[in-house]
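>>> My questions are about this predicted structure, shown below with the sequence.
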Amino acid sequence: MPAITHHIPDPMIAAYAGGSLPHAFSMVVASHLSCCRGCQAALGAHQSVGGALLERTEAAELSRGLKAGVMALLDAPPVPEPQYDAKGIYPGPVMQALKGAAPRWRTLGMGVKQTILFEGEGGSARLLYIPAGRAVPDHSHNGLELTLVLQGSFSDETGRFGVGDVEIGDEELEHTPVADAGEPCICLAATDAPLRFSAFMPRLLQPLFRI
């Protein structure tokens, strides 16, 4: 496994274990868990606690509104699960979203490409392909962004992120991620709100690229 230095925060692992994360974020968390032993252990601890609490909880009658909410959750996309025997650079949860096929890249400009894996009410998830030395335009965030490196690495104002690392961006972060020298950087990125680009041209093209 790679030497991972940027992990999923424990409260987010707890939310994932409880099934309360949006689908796009769950995909990133499950993909990180597929290659990170430390976060796998944290997930196991949360699942054990959750199981113990369920065993001690008495059954209760569901109200009509709560029952409708539960049924709606059953219709939602299934929560992606870690897969520890994934082959190649794409973890099992990503391959599930790709339905076992290769990514169908769409050019964003300057050699940067994307493949949208999921779009829904709770956010979106996409693969990003960034050639060495190229940058994602300077931007900040209207919400939360999780970015997991699958190949290569990138650097920005907060540090360097290699394979297995996750960068968490929120409303306070403005950055310009640049792919490091070597092989192209491929990332899995999930957002729950559109990005805020600084330059005019990215803002103009943003609705077209759905990012």
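Cool, the structure landed.

>>> Please report the distance of residue 3 from residue 153.
Distance check for residue 3 against residue 153: by Cβ to Cβ, to the nearest Å, it reads 12 Å. The way it works is simple: take the backbone N, C-alpha and C, and place the C-beta from them, glycine included.

>>> So for those two, which residues contact both of them?
Counting by Cβ atoms under 8 Å, 6 or more residues apart in numbering, the contacts common to residue 3 and residue 153 are residue 162.

>>> between those two, which one's more packed in?
It is residue 153, of residue 3 and residue 153, that has more neighbours when counted by other Cβ atoms under 10 Å, with 19 against 8.

>>> What does the more buried one show for phi and psi?
phi -160, psi 160 (degrees, to the nearest 10).

>>> List the residues that contact it.
Per Cβ under 8 Å, 6+ apart, neighbours of residue 153: 160-163, 165, 179-180, 182, 185.

>>> quick one, helices of this protein?
Ranges of helices in the chain, per DSSP state H, are 10-17, 23-33, 37-56, 64-75, 92-98, 200-209.

>>> Those: lowest mean pLDDT?
Note on these: helix 64-75 shows the lowest mean pLDDT, a mean of 48.

>>> tell me, what residue is most central in the chain?
Against the mean C-alpha coordinate of the chain, by Cα atoms, centre = their mean, the closest residue is residue 28 at 2.9 Å.

>>> Look at the spatially closest residue to it that is not a sequence neighbour and say how many residues are nearby.
Closest residue to residue 28 apart from its sequence neighbours, by Cβ to Cβ, 6 or more residues apart in numbering: residue 146 at 4.4 Å. Residue 146: 26 surrounding residues under other Cβ under 10 Å.
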